[in-house]
Each structure stands twice: as C-alpha cells, then as structure tokens.
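> sequence first, then the predicted structure:
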Amino acid sequence: SAVISQKPSRDICQRGTSLTIQCQVDSQVTMMFWYRQQPGQSLTLIATANQGSEATYESGFVIDKFPISRPNLTFSTLTVSNMSPEDSSIYLCSAYAGSLDTQYFGPGTRLTVL
Amino acid sequence: EDKVVQSPLSLVVHEGDTVTLNCSYEVTNFRSLLWYKQEKKAPTFLFMLTSSGIEKKSGRLSSILDKKELFSILNITATQTGDSAIYLCAGRGRGAQKLVFGQGTRLTINP
C-alpha cells in the first residue's frame, strides 16, 4: 500500500487568511485526490490533482478558493484561500495505487477557522 | 448523478454481537465498491469488491457484493470495542478513479 503523509495535522486559523496543506506519497502514483469532510459528514471530493497540469475540480469547488499544485508524482498541495468558519473541516489527501487498484488516504488535516 | 447510500447511519451493540452494515449504490459504469474504516481522521482500507457473490474476508470482517441488486454488506462477527468507528463505503465507475462515498455508519461497541 502507499504510505501518505500530510502536514500540518491540524491548524486553527483566522477568518480571511489562507492555509496550504502538503501531501507526500512514498512512491510514484498516477493519481492524487483532495477530499473534504465537514463535521458529521462523509467525504466529498474537491478535485483531482494532475501532475503538470491544472487540477480537475468537482462541481461546487473552484480554483480560486482551492488552488492545487502537483509538481511531481509524489507531492501535492491544497490551499484553502480566504477562509471562513464554513471551511472548518478535515481535509484528506488520497492516492490511487495502480498496482493494487485501490485508493489510500493520508492522515488528514483538521482545520478550524475562527 | 452517482449515489451511495448506507444504512443504518448509527448502530450501538454489545461486545460479542455480530453486525451487518449495508451499502446500496447507483454508479454509472460501475467498476468496484470499497469499504473503509475511519476511527479518527484517516479512512483505512478494508475491502475492494468487483464481482458478485465472492466474499472477501479478513479476520472477523467479511464483505460481499450483489451487482444485480446493487448493494454490498459488511459483516463483523464477535465485535470488540476496537471495532467502534465510522464505516464508509464508496463506489467507483469504470474509467474513473474518484470515489463517491456514502454517509457512513457510526458503529459503537459497548463492553
């Protein structure tokens, strides 16, 4: 299985600021994803992070709010911009392991916006 | 729009009981269904099911898929307090790697 690390593991931020979350995978993977899990809710896909090109966003999520980078096959970042309390969630990075045809998740970042 | 529905949303049982968690799905060009266990933040992978009628088993956990009726079940026998968690199922379509998650079942095992 792919081992995924994320940082920070948690943060408390002020309204109007931005936070960048980093995701590192221990092996090269074809696809990386960013999910959001709001309190008491299930996981919702934000976007697919594409290596060398712009991320593919799901309905309801836009690049200006959630810019994503993926400079290589093992690393990606998600920025939550101009934060409001509604952005308080767990943000999860995941990677598709082609050899096992399944998807693994990082430990998540718990974000609280005051 | 693809949809995954889990039931029950919450379940409380006593240690030693057997539980069955349900997952129904409507996924375009269905390819596979995955089960995850979420204890704190990170969902941990349990099973991936692609074929009907073939049971996947790991210790006290097992799962099976019915592609005709579009559902899957996750069984946990001889439950332990460490099984307390949210159990998530997710559907995946052919040609796509993104997952569509159900709401999750919050399972609580009381000693």
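Great, that's in hand. Just so it is clear, the structure is predicted and the values come from calculations on it, not from any experiment. Residues are numbered from 1 along each chain as shown, chains lettered A, B, ... in the order given.

> what's in contact with stretch A:8-23?
Identification of contacts with stretch A:8-23 by Cβ atoms under 8 Å, 6 or more residues apart in numbering or on different chains yields A:4-7, A:32, A:34, A:75-85, A:91, A:93, A:106-114. Glycine gets a C-beta too; all of them are placed from N, C-alpha and C.

> so of those, which ones are in strands?
Residues of the contacts of stretch A:8-23 located in strands (DSSP state E): A:4-7, A:32, A:34, A:75-80, A:91, A:93, A:109-113.

> taking chain A, what residue is nearest to chain B?
Proximity of chain A to chain B (Cβ to the nearest Cβ) peaks at A:Gly108, 3.3 Å away.

> quick one: residues contacting A:Arg36.
With the criterion set at Cβ under 8 Å, 6+ apart, A:Arg36 makes contact with A:Leu43, A:Thr44, A:Ile46, A:Ser89, A:Ile90, A:Tyr91, A:Leu92.

> likewise for B:Ser58?
With Cβ under 8 Å, 6+ apart, B:Ser58 has these contacts: B:Leu46, B:Phe47.

> quick one on the thing from earlier: and the contacts of stretch A:8-23, which are buried?
Listed as buried from these are A:4, A:6, A:32, A:34, A:76-78, A:80-81, A:83, A:91, A:93, A:106-111, A:113; burial here means 16 or more other Cβ atoms under 10 Å in any protein chain shown.

> wait, B:Leu88 sits on B:Pro43?
Yes - between B:Leu88 and B:Pro43 a contact is recorded at 5.8 Å, counting by Cβ atoms under 8 Å.

> give me the contacts around stretch A:90-100.
With contact meaning Cβ under 8 Å, 6+ apart, stretch A:90-100 is reached by A:1-2, A:4, A:6, A:21, A:23, A:25, A:27, A:29-37, A:43, A:46, A:76, A:78, A:80, A:102-106, A:108-111, B:41-43, B:97.

> what residues of that stretch count as buried?
Residues of stretch A:90-100 classed as buried by neighbour count (16+ other Cβ under 10 Å): A:Ile90, A:Tyr91, A:Leu92, A:Cys93, A:Ser94, A:Ala95, A:Tyr96, A:Ala97.

> how about the third one: which residues does it bridge to?
The partner list for A:Leu92 in beta bridges (DSSP bridges) reads A:Tyr35.

> need the overlap of contacts for B:Leu88 and B:Pro43.
A:Leu43, B:Tyr36, B:Lys37.

> please narrow the residues you listed to those residing in strands.
Short answer: these in strands (DSSP E) are B:Tyr36, B:Lys37.

> for the one helix or strand in chain A whose mean pLDDT sits lowest, which outside residues touch it?
Within chain A, no helix or strand scores below strand A:102-105, which has a mean of 90 by mean pLDDT, DSSP states H and E. For strand A:102-105, contacts defined as Cβ under 8 Å, 6+ apart pick out A:1-2, A:4, A:33, A:35, A:92-97, B:34, B:36, B:42-45, B:48, B:97, B:99.
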